[in-house]
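Colleague: Show me the folded form of this:
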Amino acid sequence: ILIVGVPGCGKSLAAKVIARVWGLPLLKLDAGRLFDKFIGESEKNFRRAIEFAEAMAPSVLWIDEIEKALVAAGGSESDGGLSRRLFGAFLTWLQEKRQEVFVVATANDLSALPPELLRKGRFDEIFFVDLPTAEEREAILTIHLTQRAQDPRAFDRGKIVAACDGFSGAEIEQAVIAGLYRALSQKRALDTATILEEITHTVPLSVTRREDVEQLREMA
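Modeller: I've put the predicted structure just below:
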């Protein structure tokens, strides 16, 4: 499956959860470590990584930000066509593999992915992850407050949720963390006002990159 969506909305976390729920080993393909300066070594590294994943089967193979890892450089010949060869080998493996390796890839930019990667037989399903709704923002806020030894009932969560409309899950987490740092530096307890202050100082990605987010939604 391919998980596409706005950055910071839990795509990578979803990949980890799949392996956790199924009780399978999670393997991350770090494409940056595949490339080698010596001719032929990059292809050998790729084959070795795939063989390792197949030896661990059944397993979940996670490829984070695949448009940067395996696709982005594919349109350039600056590397002597190495990126194209690796991408072609990856497509062939996706199509022909017989071992129980479940591939989960994430992407922030759907337009950067070539059509041959999106067709059935390579990635069977594509899921879009959007910015969290009000109900989801409250759940995310509760999780991050609880993780940092804060009682969620001591906060006006309704006011905070309304203030962080348009925020991603990662941005909500950072608002809580920044508020906690501010409260600790002032030697006082974290409260609603402190988190709201951090939210007002944050310009979310949905504002700074509004056109990109809307285009991604339309494509999805």
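Colleague: What lies in contact with stretch 192-209?
Modeller: Residues from elsewhere that reach stretch 192-209 (Cβ atoms under 8 Å, 6 or more residues apart in numbering): 6-8, 131, 155-156, 159-160, 163-164, 166-168, 171, 174-176, 178-179, 182-183, 213. Where C-beta positions appear, they are placed from N, C-alpha and C, glycine not excepted.
Colleague: PyMOL command for the buried members of those?
Modeller: The PyMOL selection below is limited to those of those classed as buried (16 or more other Cβ atoms under 10 Å):
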select buried, resi 6+7+8+131+155+160+163+164+167+168+171+174+175+176+178+179+183+213
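Colleague: so of the contacts of stretch 192-209, which ones are in strands?
Modeller: Using DSSP state E, no member of the contacts of stretch 192-209 falls within strands.
Colleague: Need the contact partners of the longest helix along the chain.
Modeller: If you go by DSSP state H, the chain has its longest helix at helix 169-185. Outside of helix 169-185, the residues within contact range by Cβ under 8 Å, 6+ apart are 7-10, 132, 136-137, 140-141, 144-145, 148, 150, 164, 167, 189-191, 194-195, 197-199, 202, 204-205.
Colleague: Buried only: go through those residues for me.
Modeller: 7-10, 132, 136-137, 140-141, 144-145, 150, 164, 167, 190, 194-195, 197-199, 202, 204-205.
Colleague: So for Glu125, what pLDDT did the model give?
Modeller: As predicted, Glu125 sits at a pLDDT of 89.
Colleague: quick one, strands of the chain?
Modeller: Going by DSSP E, the chain shows strands at 2-5, 26-28, 59-63, 101-107, 126-129.
Colleague: Name the residues that touch the second one?
Modeller: What that stands for is strand 26-28. When contacts are defined by Cβ under 8 Å, 6+ apart, strand 26-28 is touched by residues 15-16, 19-20, 52-53, 56, 59-64.
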